[in-house]
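K.L.:
here is a sequence together with a model predicted from it:
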Amino acid sequence: MFFISITRLRLRSIWYLPGFLSSNSLSVKQLLVTPGFIAGKELIDKNLVFWTVTVWKTDADMKTFRNSPPHRKAMQKLPLWCDEATYMHWLSEDTEIPAWDAICKRTIAEGKVSKVRHPSKNHPDRNFPAIKWTKTERIFKPKIS
């Protein structure tokens, strides 16, 4: 079994975009060299919404990434930067990255809401719109195996 991790983040203001993009860039560099990372992709959607999906050998591998800088440092800023933050995990029998429409539906139905300081009206109930801009995705493959 493989571990799938999903995040959906919505920045509450364009003013947070430079810091978020810088933190994202550092986190992606970290991701690509983290042992246990198999594959992933990222999507920038309408209204400053950022989606990620990563596939891992184990949940412990994902937690090592999540809890290490620079990703950990970025996560500490999200309650201020975001007005919506949701995540979810599940086990999969294969390493295929799920399609965005399936990711969106599952996150809205089952995702866990993270604490944010200024939640949108849609945040508590995950009342989010469907993904609109699927052409803005980036695919990630590990630099190590």
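P.N.:
Nice, thanks for sending it over.

K.L.:
when you work out contacts or count neighbours from here on, use the C-alpha atoms and nothing else.
P.N.:
Fine.

K.L.:
so where's the chain uncertain?
P.N.:
Within the chain, the segments meeting pLDDT under 70 span 145.

K.L.:
relative to the whole chain's centre, how far out is stretch 134-145?
P.N.:
Distance, stretch centre to chain centre, for stretch 134-145: 13 Å (Cα atoms, centre = their mean, to the nearest Å).

K.L.:
tally of neighbours for V55?
P.N.:
28 (other Cα atoms under 10 Å).

K.L.:
let's number from 20 now, not from 1
P.N.:
OK, 20 is where the count begins now, so the last one is V74.

K.L.:
that one: what secondary structure?
P.N.:
strand (DSSP: H, G, I helix; E, B strand; the rest coil).

K.L.:
can you pull the contacts of it?
P.N.:
F21, F22, I23, S24, F56, I57, A58, G59, T114, I116 (Cα atoms under 8 Å, 6 or more residues apart in numbering).

K.L.:
got it, and F147?
P.N.:
By Cα under 8 Å, 6+ apart, the contact set of F147 is I127, N141.

K.L.:
next one: the closest residue to S111 other than its chain neighbours from E112, what distance?
P.N.:
Distances taken as Cα to Cα, 6 or more residues apart in numbering place F21 nearest to S111, at 5.1 Å, with adjacent residues excluded. To E112, F21 is 6 Å away according to Cα to Cα, to the nearest Å.
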